[in-house]
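# Fold the following, please.
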Amino acid sequence: MSEPCIVALGGGGFAGEEGGLRRFILELSGVERPRVCYLPTAGGDAAEWIELVRERVAGMAELSVLTLFHREVSDIAELLLSQDVIYVGGGNTANMLAIWRLHGVDRALLAAWEAGVVMSGMSAGGICWFEGFTTDSFGPVLRPVRDGLGALGGSFVPHYHLEEQRRPLFHRLVAQGALPAGYGVDDGVALVFHDTELAEVVTSSPDAGAYRVTAVDGEAREERLPARELPAAR
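Coordinates of the predicted model:
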């Protein structure tokens with residue numbers, strides 16, 4: 001059995017035009033043409049996102065899609081355990097987690113992760129693996145939530161420098177203890193966890209980064225993490 005692995009992207013990446021992160025995630029499976037399951041729950045199972053992902057992985061992977069608004073799969077655990085890679089798309093994190101729990105996807109995902117399926121996702125799909133996060137699921141003002149799947153300890157904030165609320169709010173919440181210490185991650189950057197330990201940070205952009213945010217004497221302390229730049233790929 002392969003070691004559990006999670007690749008949490010701050011945004012962009014897998015379904016973006018620049019394919020360095022996409023290729024990196026697929027290669028982590030160790031399979032030449034991996035079986036990939038896309039979960040578009042956070043985006044409401046939108047057809048345009050499904051077609052975009054299908055286009056991006058064409059010729060590189062065997063794609064299946066788990067839709068829950070129009071559910072066609074009886075045994076979700078069987079489907080997810082049969083994959084080499086699982087990719088979770090972005091959107092409304094709170095809605096996604098609630099729907100997952102209703103259908104038992106949360107338990108099936110954790111079982112697949114423990115079995116060595118490569119787990120990955122951007123934005124909501126990066127957030128979900130952690131204990132806590134900030135989200136715009138409830139409106140334009142970001143709110144802290146401590147209701148993730150909890151496979152990984154701590155907290156995760158995507159779009160760290162892209163959206164102006166993200167960084168100052170995260171600093172304040174960590175300093176106050178409202179969120180545990182964690183990571184702020186820019187678009188085009190991914191944290192790679194082997195089991196539950198951060199193994200490396202990879203990026204498709206030299207200007208984007210990932211940051212460790214902790215509380216020290218009631219104040220937030222931020223440290224930029226070293227990152228390995230991936231070669232470009234289309």
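# next SSE after the one helix or strand residue 55 maps to?
When elements are assigned from DSSP states H and E, residue 55 belongs to helix 47-57. Using DSSP H and E, the helix or strand that follows helix 47-57 in sequence is strand 62-65.
# Show me what that following strand is packed against.
strand 35-39, helix 47-57 (3 or more CB pairs under 8 Å, 6 or more residues apart in numbering; DSSP states H and E). Bear in mind the C-beta positions are built from the backbone N, C-alpha and C, glycine included.
# most packed of these?
Across the helices and strands packed on strand 62-65, averaging neighbours per residue (mean count of other CB atoms under 10 Å) puts strand 35-39 on top, at a mean of 24.
# Neighbouring strands - and their directions - for it?
strand 62-65 (parallel), strand 85-88 (parallel) (DSSP bridges).
# Can I get that strand in CSV, CA atoms only?
The C-alpha trace of strand 35-39 is given here as CSV (Å, rounded to 0.1, in the frame of the first residue of the first chain):
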residue,chain,number,x,y,z
ARG,A,35,-7.5,6.7,-13.0
VAL,A,36,-8.7,10.1,-11.8
CYS,A,37,-12.0,10.9,-10.1
TYR,A,38,-13.1,14.5,-10.1
LEU,A,39,-15.5,15.7,-7.4
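# I'd say residue 15 and residue 53 touch.
Yes. With contact defined as CB atoms under 8 Å, residue 15 reaches residue 53; the gap is 5.3 Å.
# Give me the common contacts of these two.
residue 89 (CB atoms under 8 Å, 6 or more residues apart in numbering).
# where does this structure dip in pLDDT?
1, 17-18, 233-234 (pLDDT under 70).
# give me that answer again for 90
Applying pLDDT under 90 to the chain picks out residues 1-3, 12-20, 140-141, 162-163, 204-207, 231-234.
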